[in-house]
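[1] okay, sequence plus prediction incoming.
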Amino acid sequence: MAKAAASVVIAEFLPLVDDLERALATVAEPLKGFTWVDGI
């Protein structure tokens with residue numbers, strides 16, 4: 001049961017991680033030096 005629950009949680013987070021990776025890959029040059037961008 002725990003494995004099934006863990007797989008559901010992972011399946012829910014994968015699209016979020018993918019979106020975040022793509023968003024960070026396209027950060028505009030002027031924003032790259034800000035600490036809040038680096039913190040993400």
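    Done, it's in.
[2] max-length helix in the protein?
    Assignment by DSSP state H gives helix 2-25 as the longest helix of the chain.
[3] in CSV, could you pull the C-alpha coordinates for the helix or strand immediately after it in the chain?
    Towards the C-terminus, the helix or strand next in line after helix 2-25, according to DSSP states H and E, is helix 35-39. Backbone C-alpha positions of helix 35-39 (Å, rounded to 0.1, in the frame of the first residue of the first chain) are rendered in CSV as follows:
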residue,chain,number,x,y,z
THR,A,35,19.0,35.5,-5.4
TRP,A,36,15.3,34.6,-5.5
VAL,A,37,15.8,33.1,-9.0
ASP,A,38,18.9,31.2,-7.8
GLY,A,39,16.9,30.0,-4.7
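[4] any idea of the mean pLDDT for helix 35-39?
    Per-region confidence: helix 35-39 scores 84 on mean pLDDT.
[5] flag the shaky bits of the chain, pLDDT-wise.
    Low-confidence segments of the chain, defined by pLDDT under 70, are absent.
[6] mind doing that once more with 80?
    Per-residue confidence for the chain (pLDDT under 80) gives these ranges: 38-40.
[7] chain center to the longest helix of the chain, what's the gap?
    Between the centre of helix 2-25 and the centre of its host chain there is 8 Å, according to C-alpha atoms, centre = their mean, to the nearest Å.
[8] who touches that helix?
    Residues outside helix 2-25 that contact it (C-beta atoms under 8 Å, 6 or more residues apart in numbering): Val37, Ile40. Placement of C-beta: from N, CA and C, glycine included.
[9] again, only this time at 7 Å
    If you take C-beta atoms under 7 Å, 6 or more residues apart in numbering as the criterion, helix 2-25 is touched by Ile40.
[10] give the buried residues for it.
    Within helix 2-25, no residue is scored as buried using 16 or more other C-beta atoms under 10 Å.
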